Every structure is written in C-alpha cells, then in structure tokens.
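missing the sequence, but the structure's below:
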C-alpha cells in the first residue's frame, strides 16, 4: 500500500495544521500518521504527514504542483516522498566490516527500505564482502595528494549509480567541503557519545578519562567535523574491567544499531533538520518524528 | 499561558484531522501540539490536540457545547481539559514512604501540576510525613471484616476533598470492584516489570528466578489484578551480587520515577486508554502522547 | 598469552580463597583475574580465577591431577579451562538468519573465541548462508513422528564434529529431555524478557498487553521450557507507534546482542550455574563473573 | 554483623592475592567479598576484600599495625575501614533542594550508611529543609571577596563536626585548590554526561546541540574543574519535544540517583582512585568494585 509523506517547516502561525489537513482531505487523502512540532525558541512549525495514495485523487506527478501554491502562502520549506520510490544508497568504507555487513543484511531482510547498488572503499579489503552480495565495489585509495581527484571520482560514481544517500560506514576519511557542497545527503557514524570525544580515537580517550558509559552518534555530515545535526545516539555501560579492546568491541554493537536506526529514520522521511539561524543561537538540530 | 487539550478517539475515517483542526482554526485556536495515532488492528483513530486559550474566541464554558455536535458526527469518545484547572490528588499509602515523599516533593517543585490535599493510610506510620507538608492524613485501617466499611469511608473522603485522581503509592491493599466502579481514576505502581512477577513479592521471586534486569510498572487499576493498562515502565540491571535487599533498594528508585512519570503523563492529558473490544483480541492498552 | 581458568563452587567455609591462591602461588601462577561470590542463602562459595600459564610450573596435563586433591578437601565442583583450547560450536537454526549471521561474523572477527564447524537446520533455507562462510550444513527436518530419529542424527553429528556447545539461534523446536540428557551444553535465545511471555509468540502477546519495554533472554536449556538458568537479558523501549512487525524488528537487535554476549560469557568461562537444592528454594541461577 | 574492608593498590607482582588471603586466614578471617583488578597499562594491582570481624582474632586497634608490615613489603597504598564506624557527611547546597532531600531521605531509610550532622549553604533557602530533619544548617554566603574567609569558616565547621566526606549537592560554587588541599574527600554531581558539556549550563548547551541523550556524572573533586575521577554516570533519552525545562526536570532524576549511588559506593569502600602517573598517560580513574 503506497503512501506519500510530506515534511514541511515554516514560521509558526495559526491554521497551519488545518490548512494542510484540509488540502489532503479535499483530495480524498486518508492520513495514516500526522506529527507536528513547534520549536518555540526558533519560532518554527515542523510537520510530518503520511497519507495513503490509494483513494487520493491526485497522481504522483500532480501532487507536487498542486501543493506548491499552498506551501508558498506559508513561505515553507517542504518535500514530498513516495513510499514506493525506492532510494539508492552508496556505502563508503575503509577496512572495518561490521557496519557494512549490518546495513547489507538489514537491506536484504527488508528492514532498510532501499537498494544498495554501490560500495566505495579507500582500501581494497571489503571488496569481497560487497561482491558476496552482488554489489559493485569501487576501490578509490586516498592520499592528501589524490584526495581532490578521488572525490571527483566518487561524485561521478554517485551520479552514475543515481545515488540518493551516502552512508559512511566506518569510513576513515573526512569529506571535503567541496564534496559536501555537491552531495550533501551524507550520514556518518561517530564512535562516541558526541559532543564527548569528537575527532580521532574516542575509545582510547574514553578509556583514559575513565567514563562509565560509552556511546555512538549518527549524524548528518556538515563542513564542521563531528558537529553535524544528530539523528540518533545510544550508549552502553562499561567498567574498569573493560580494556580499550573491550570498549571497541562493545562500541561496535552500538555503531551498528545507531547507524542502522538513523538510516532507516532518514529513509522513512522522519528526520527534519533545522536551526542555525543567526538569532536562534541553536546548532543545526533535528526533529525525529518517530 | 492557559491551554486546552482535547483527547479524542473514534472509529477511523477520512477527514478527522481536517475537521478537528478546522474547528479549532475557525475559532482562532493556535495549536501548540497535535499528535495522532491510528491503531490499524482496532480500527481506531486516537488524537491529542493542545491549543492556546489566549486568542481563542470561545470561553471555557462555551467550548464543550460547541465541540459536542462535531464529536457526535464521529460517534467519538472525548474529553477536554484546561491547563489552569488544577486537579486534586489523594495518595493512598501503607508504611513505605519513598513514593509518598517523592510525589509530594515533585508537587512542591512544580513538577506535578496538581494539588495533594489528602493522604489516606491503612497504617498510621506516615501521618507525620503528610503533616510536615501540611497535608491532611486519614488513618483507615483495613481488615477483611472492615474492608467494605473502610472503602466507603475512603470514597466519602474522596468526595469531600473533591479528588480527581487516586495514586496508590505502595498501598498494600487491593481495591474492590465496588470501589473502582465508583472511583475509577486510580494509578498504581507495581514493583515488577509486568507481566513478569504479577502479584505479591516480586523482588523475592525475581531473585529466585535469577533475572538480570528488574523493573517497575505504573498502570491504571482495573478489577483484574495487575492487568490494568500500562502507562509507564522502566528497568534496571542487577546481578548475582544483588541480594533481595539490594533488589528492593534499586527497585525503589524505579518505583519513584515510574510512578511520578505516569502521574505527570496522566495530569498532562497524554494518556488515552483503549482496546478490549471483543474482536480486537487486545487487552486494555494505552496510547501515551509524550 | 595462554591462560588457565578455574571455576569452582562448594559449601562456604573459611580459608577457601587463601588455599586456592596459595596453591596457585606455590606453582608460580600469576593471577590475572580473581572474582569470588558467596551466596548467603544457598551457603555456597563460588569463584573464578584466571592465571597465566607462562611461568606456571605445571604442564596442562599435570594441572588437573595436581588440583584434584585440594578440591576434594572442600568437596567442590570444579572445572579448569585453557584459553588456547578452542571450543567448537554447532548452531541450530530454522529459517531466520539474523542470529546465525551475527554469530558467524563475530566468530570471524575474533569476538567469539571458538570455531563453528557445523550448522544444523530443520529447514533448508539457511544452507547457503553456512556455505558462504565454508561451514557444513545439515538439513534435518523434524516432524512429531521423526523427532526421535532426527535428534539421534543430531547427536551423532555433534559427536562426529566434536562439538562442545550447541547454540539455538532461533531454532523453532523444543529439544527433548533425552537429547539434553546426552548433550546438556545448550544456550538458547528467547525473544522476551523472561519470565514475561514464556512460550510461543511473545511479541504478539507483548503487543496485546501494551507493554512499554520488550526484551530478550539467553539461557541454558533445561527440561523445563523457558525455565533454564538465565545468562543474559536486555531490553528496549517501545510505544503505541510500534506494530507487532516493529516489535519483531526491534527485538531482532536484542536477540543478536543478548545471544552473542551469552555465548561469549560461556566461552570465557564466566558463567557458573548453581541452585535448585531442595532447601534453598532457588531456581537454577547463574553467577556471571563479568 | 560488623565487617572490615581492605582497599589496597600496589605494583602488580605474583602472589599478592595469596599473601593477603593467607594473612586473613591466619587470623581466622572469613572473607565475604574479594574482588581484584589488574590494570595492565598502569601495571597496578588493586583489590578490595571484606571479611567478618566476628571470629577474627585481632581487635580493631590491632588490625592496622598487624597488616602494615605485610603492606610494606609490597610498597602498597592501603586503607582499612570498619563497617560499624559510621562516617559523617556534610552536604553543601545552594538553592536547589532535590539532591539534598534525596540524600537525607536515603540516609533516614538506611540506604546511605552514614550520619548527616551538617548542611552548609551559600544561600539561606534550604535552611528549613535541614531543620525539618534536625540537621544543623550554616549559611555562609560567598562573593569573590569573601571566598577565602568563608572557605576557612567551612573548613572550621568540617573539623568541628568531625566530617569525613563532603557532598556537593548542586552547590554552585567552585572549591579552591587551598580548600581541597586541606579537605580532599569531596564528591560532586555534574549535570552532564562528562566530558560532554563541562562547565556551566550543560542542559542549555545539550539543548542547543540537539543531543538525543542527556546524562549526569558524579566525581571526586580535584583542582581541575570537572576533570576529577568519575565514580558513576547515568543517562536518559530525550527528544525534540523536550524543552530546556524538560531537560532540567529529567536531569534532576539522574542527578539524584547518580549522586546517591556514588555516595553509597564511596561509603561502602568500593571506590579506588588511581592513575595519573607520568608514563601511564591516564587521567585519574576509578575502580568501582560493585
């Protein structure tokens, strides 16, 4: 049963829910889920509505032009997604395989509603994993000297494979601002409970600091390293008995789960990014309509 | 800033969100929060909407008669609450004081939006706690022979003090069906992760079974002991090092927090009970719009 | 660096730690980990000691005969394991692949210190998963009529492959008492927070009951279904938004993690089972020296 | 039943467990709990042993001189505590009462094995809380100009009341190095998941950053603000629906629980601080023998 999902944000004012619900009802839309949030500090209205396409009296191609005039009256930012449009993911990896396997197996079991036609690695180690599941693997090694050229090659592959979303699955390279300007839809997994331990070697630093809980953070990638809007986090308890190797092992379970949840939330159009306006004083933040 | 909150449930059909949002907008209502859920198995639509009374062009006394005709067209069950109508809680206790103290202190700090004019105990031990905070305490001891009479006395006190909600804060007595028929708004805290270990001595039984996690459950009280609709649950990890006394100590923190959350959710009109229809096969369940 | 681990339990008395530590020291043993627990209710002393074999002045074959006389003076139950003796696991499956993949990948990454030479399925679906990783797969379908014969075939395979531990990775069959009498080292994953929802369809029943948290339980298999000693449990929060399908999806992550932790704890000789004596009133319970 | 507890740390070498257990056994000591940890990076052996005084053939005053020669042979740092020596806590507060109430009520219920003869506040607000429970309250307001004098007054009170431990229960002042040099046994609660959001206003900053989980941290106070060794941490999930006020409310439950656990662990002599040697590269860390 195909559905459409509207994600919309605009300055808060009276009647927004009524106008959007009216528009849907006037076209025969049966709302399955509606969730709305008002950020009082930012003065923003944010909403997610999902409705059945069956019985709706507009075709897919008519929906967007039909909704645009209404959205314009609110000066809104918005997007509409169709559940039967299957998005295409590229996974970027280095040498660690646990997140790669996890994403592929979840995709195979239907848990991640997308296809994965492409894996790109800056090392060759994981080529066989991709090939075992019939996925193309491109090995693009990166040095400071070759980074610009290789990122261009990556971008070309993303275009060639019609990729909608890049997932950094323990990809041990920083994407350049130029890359992100051209392809901004990137989710990363960071192996700490951000903003604790940003940057390199978070497990080693967690061990040295003697924390009693470690975490993992999935976030959209921005030009500010480890500062992108957070989609999902989770934690696990550790103790003095845990060596750095134990933290790494325990953290791998967190990384898998947190990254998979974030990818799924993104693909189900449950995440809205907002904030960062000069006067709100907010970082870029997410609303997660879960 | 006073608000009104509508809790409504009815058989699912098209246009419900639009009609409710339209009605609010037509009267100048600014929606602060709107949350909606459809239970596909029960075929039910359930919604919570909270809007500002400031700027709304109906007075409190006009709102209910104005909404009733619309609700009738859906054959809905509904209630409307006003945030500045402060509800009145009676706390029932036996000898343990941790939940009693917790609720009183949260009420005093503004965390529980209600007044607590009455504590009823089947023992005398906690009278001084109530009195320290200027709360009336009634000691109504209960034996099998006196239960009927004492429950009648309890009900008279609830009426006299104009009580809206009874909270069983480690009250070691079962309320009779007759009591519940006359006063059904009762929240209880059960010291296990229901449906594990229903009935008496759950910590002892958890210890014997050797579970690695214990829990607590807040639920509305029904005539089926420990089977009422669950409002909130939480858990904590335990190990072989924990004696029964340790489970009790750890559990007390859970009991406090889970009960306080449930009471707050109830008072914020975030809980809708539904289910139990013959053909749905469901227990009485809750939707918690948190 | 190879180590030896002693797991020992006996009636509690003075001097047990001293005598065991003395014996180790007298043979040049360097203790890496020592953990001890006294169950006051059962009157039992339980201990785990791990020491370096490097520098120890007894060979592997001398250790057990050398320790036996000391253990006899306490009337103790005990076992000694060597870290470089790699144990052999057989995984039993039906159709669901998530736990099977998880165990194999953890074994491949070194997280589970064992080999997995054998997978047995009562359906044929997962044969290709085993073969992808070079593991032998035996398809032994089971009906009420063939159960006895097929269990005999399973036992023969366990003997042939020199299996030390059977892991039921979503194996949808109950092992008979006769099987367990011949091969008692079996770990199962149950998809509920036992003792809540024992038996079949726990997710469906959790949904119907409206619980706010679901769980998974790894336990040793005994003749009492879902009553075996619990090795590990974990939970995850759910809400009214989660359908039964969502509970199943969320539960799969729990199942994977809880089962993997239990298998690892068992293989690291961290689990001691005790209890069940007539006068202790305890179930079979575990001490987990983690 | 009174017990003695030895906390000991020294450079790791063979035979430490044996020698300590032998010494206890030779004096008729029945070990109730023994827990040991070796930090391989620091090359340190750390141990906690608790034994019954009943049946031990040394009196309290003989124990320390009798153990000292043995400890000297290892060049160990050590302390011995007696469970029936009830320690004395001073609580430092400002205006927030939740941790103060919590500690007092836990002390009253027997959960915190100590007395609380003294509360010191830099504001007057909480005087009545202390007095309600019969505890002396000293109001010592602090400005930059008066800080030195008032800290001297605090230290004089600690001496007068024979205080063993200071607990900062939302005390909104930084203790000077001079204070800590004279009275180093101080536990603080920080309202973030350190090292995330050290310093002021962590909830506001957590909100701005859009984290999905918040935490609290109890640590020993050192001269490096918010860098002291961590005793306990815990976390709770938050979402975009939580305002800063909600984070503060949810955080208060964490603060209460985490601080109470840390105080209890300290009083049960379960915490050993170590690290910070030049070549280990470690922060000051804790071993928590729980």
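That came through, no problem. Everything numeric in this text was worked out from a predicted model, so none of it was measured.

near chain B, which residues of the stretch 51-200 of chain A show up?
Within reach of chain B by C-beta under 8 Å from any C-beta of the partner chain, the stretch 51-200 of chain A has these residues: residue A:55. To be clear about C-beta, it is placed using only N, CA and C from the backbone, and glycine gets the same treatment.

Using the three-state scheme, assign residue A:246.
When states are read from DSSP: H, G, I helix; E, B strand; the rest coil, the local structure at residue A:246 comes out as helix.

give me every residue that touches it.
Remark: with contacts taken as C-beta atoms under 8 Å, 6 or more residues apart in numbering or on different chains, residue A:246 is in contact with residue A:238.

same thing with residue A:109?
Residues C:97, C:98 are the ones in contact with residue A:109 under the rule C-beta under 8 Å, 6+ apart.

One more pass at 7 Å, please.
Neighbour list for residue A:109: residue C:98 [criterion: C-beta atoms under 7 Å, 6 or more residues apart in numbering or on different chains].

And residue A:188, by the same measure?
Residue A:188 neighbours (C-beta under 7 Å, 6+ apart): A:168, A:219, A:221.

In CSV, list the residues you listed along with distance to residue B:163.
Formatted as CSV, the entries for the contacts of residue A:188 read as follows, by distance: C-beta to C-beta, whole Å:
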residue, distance to residue B:163
A:168, 56
A:219, 48
A:221, 55
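
Quickly name whichever of these is closest to residue D:123.
For residue D:123, the nearest member of the contacts of residue A:188 is residue A:219. The distance, counting by C-beta to C-beta, is 40.0 Å.

Check the secondary structure at the closest residue to that closest one other than its chain neighbours for me.
Spatially, and ignoring its direct neighbours in sequence, residue A:219 is nearest to residue A:228 (4.3 Å; C-beta to C-beta, 6 or more residues apart in numbering or on different chains). With three-state DSSP as the basis, the three-state label of residue A:228 is coil.

what about residue A:289, how many neighbours?
The local packing of residue A:289 (other C-beta atoms under 10 Å in any protein chain shown) involves 25 other residues.

quick revisit: the contacts of residue A:188 in helices, which ones?
Secondary structure assignment (DSSP state H) places none of the contacts of residue A:188 within helices.

now, which of those sits nearest residue A:284?
Out of the contacts of residue A:188, the one with the shortest distance to residue A:284 is residue A:219. That distance is 9.3 Å, counting by C-beta to C-beta.

Tell me who's in contact with that closest one.
Shown in contact with residue A:219 (C-beta under 7 Å, 6+ apart): A:188, A:190, A:228, A:229, A:230, A:231.

out of those residues, who's nearest chain C?
Chain C lies nearest to residue A:231 out of the contacts of residue A:219, by C-beta to the nearest C-beta, at 16.8 Å.

Please report how far the closest one lies from chain D.
Residue A:231 is 8 Å from chain D, where distance means C-beta to the nearest C-beta, to the nearest Å.

Spatially, what comes nearest to that residue if we skip its sequence neighbours?
Here the nearest residue to residue A:231 in space, its sequence neighbours aside, is residue A:262; by C-beta to C-beta, 6+ apart that works out to 4.1 Å.

Strands of chain A, residue ranges please.
All strands of chain A, identified by DSSP state E, fall at A:3-11, A:31-39, A:44-52, A:77-82, A:87-93, A:114-121, A:136-139, A:165-168, A:186-190, A:213-220, A:230-237, A:271-275, A:284-288.

so which of these is the most packed in?
Mean neighbour count (mean count of other C-beta atoms under 10 Å in any protein chain shown) peaks for strand A:213-220 among the strands of chain A, with a mean of 25.
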